[in-house]
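[1] Okay, structure incoming, though there's no sequence with it:
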């Protein structure tokens, strides 16, 4: 049994044009993930015929204040149209915008119950958009070391929000690299999040490279996911320690049962 495997094209073959990367991933049997679509020639990417499974679902905005919400919904609406040109299945969200090096804009030191209520309301508005457009948004967890002060960044906070909204247009993008740094206990977090998971992303830790380069037993995680009945997409959002083809084959091996 194999999962639906994909890889973030922006982290691999960084000296090559993006359409070459997408074509190479297609040739190797992987789907394609994208971050910031304005950087790339969307028509050229569409012509590759690659399976684009996820991309950033917004360029700016925030979940928890009126001005940020207005920006987020408008940005998501624009991104939905780009995603349709690529046939993207999922559009990814975070609690706020991310600047250089993934630093949240703005950073938050404390969180109030009122912020969570506003975030839920914003996510319901995005679900309304998704329902009308026939797409799905995912909310991704982020770790506190690489993304300090990100609102609703932890696995627990993402699970709380998505389960409270509880609509099919909003799923969790469960990034196990971030969970490992933020909380650990990966298999139990997979179990807790499973009813709302839209995609699982992976990288080893430390280093954020392919499975087998760090401390995470991804073969064990794969067996546990299969035992839970998860058959959805697994995306490698990781750099290659050395050769990209070898890194992708290591990823494939870890998630082929």
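    Looks like it arrived, so ask away. These numbers were taken from a predicted model, which means no experiment stands behind them. Residues are numbered from 1 along each chain as shown.
[2] From here on, just use CA atoms for contacts and neighbour counts.
    Will do.
[3] tell me the contacts of residue 141?
    Taking CA atoms under 8 Å, 6 or more residues apart in numbering, we find residue 141 in contact with 94, 152, 153, 154, 155, 158, 173, 174, 175, 178, 179.
[4] So what does it look like in phi/psi?
    Here is the backbone geometry of residue 141 (degrees, to the nearest 10): phi -80, psi 150.
[5] I'd like the numbering to begin with 37 instead of 1 from here.
    Got it, the first residue is 37 from now on, which makes the last one we talked about residue 177.
[6] Mind pulling the model confidence for the residue nearest the centre of the chain?
    Taking CA atoms, centre = their mean, the centroid of the chain lies closest to residue 209, which sits 4.8 Å from it. pLDDT for residue 209: 98.
[7] That one belongs to a helix?
    No - counting by DSSP: H, G, I helix; E, B strand; the rest coil, residue 209 falls outside a helix, being strand.
[8] OK, contacts around it?
    128, 174, 175, 176, 177, 233, 234, 235, 236, 237.
[9] so which of these comes closest to residue 158?
    Within those, proximity to residue 158 (CA to CA) peaks at residue 175, which comes in at 12.2 Å.
[10] hang on, the earlier thing: by neighbour count, which of the contacts of residue 209 wins?
    Most neighbours among these, by other CA atoms under 10 Å: residue 177, with 28 neighbours.
[11] sorry, back to before: which among the contacts of residue 177 gets closest to residue 244?
    Taking CA to CA as the measure, residue 214 is the one of the contacts of residue 177 closest to residue 244, at 9.6 Å.
[12] can you pull up the bridge partners for the residue nearest to the centre of the chain?
    Counting by DSSP bridges, residue 209 is bridged to residue 176, residue 235.
[13] Just the ones of the contacts of residue 177 in helices?
    In this view, those that belong to helices under DSSP state H are 191, 194, 214, 215.
[14] ok, which pair from the residues you listed is furthest apart?
    The span of those, defined through CA to CA, is set by 194 and 214 at 12.0 Å.
[15] Return the residue of this protein that is most distant from the centre.
    Residue farthest from the centre of the chain, counting by CA atoms, centre = their mean, is residue 150 at 25.8 Å.
[16] hmm, who's touching the helix or strand harbouring it?
    Assigned by DSSP states H and E, residue 150 belongs to helix 149-169. Applying CA under 8 Å, 6+ apart, the contact partners of helix 149-169 are 99-101, 105, 109, 112-113, 116, 172-173, 197, 200-201, 203, 205-206.
[17] before we move on, what about stretch 190-199?
    By CA under 8 Å, 6+ apart, the list of residues contacting stretch 190-199 from outside reads 152, 155-156, 175-180, 188, 206-208, 210, 215, 218-219, 225, 229, 232.
[18] Run the chain-centre distance for stretch 65-75.
    11 Å (CA atoms, centre = their mean, to the nearest Å).
[19] now stretch 163-170
    19 Å.
[20] Now it: buried residues?
    Neighbour counts over stretch 163-170 (16 or more other CA atoms under 10 Å) mark 163, 165, 166, 167 as buried.
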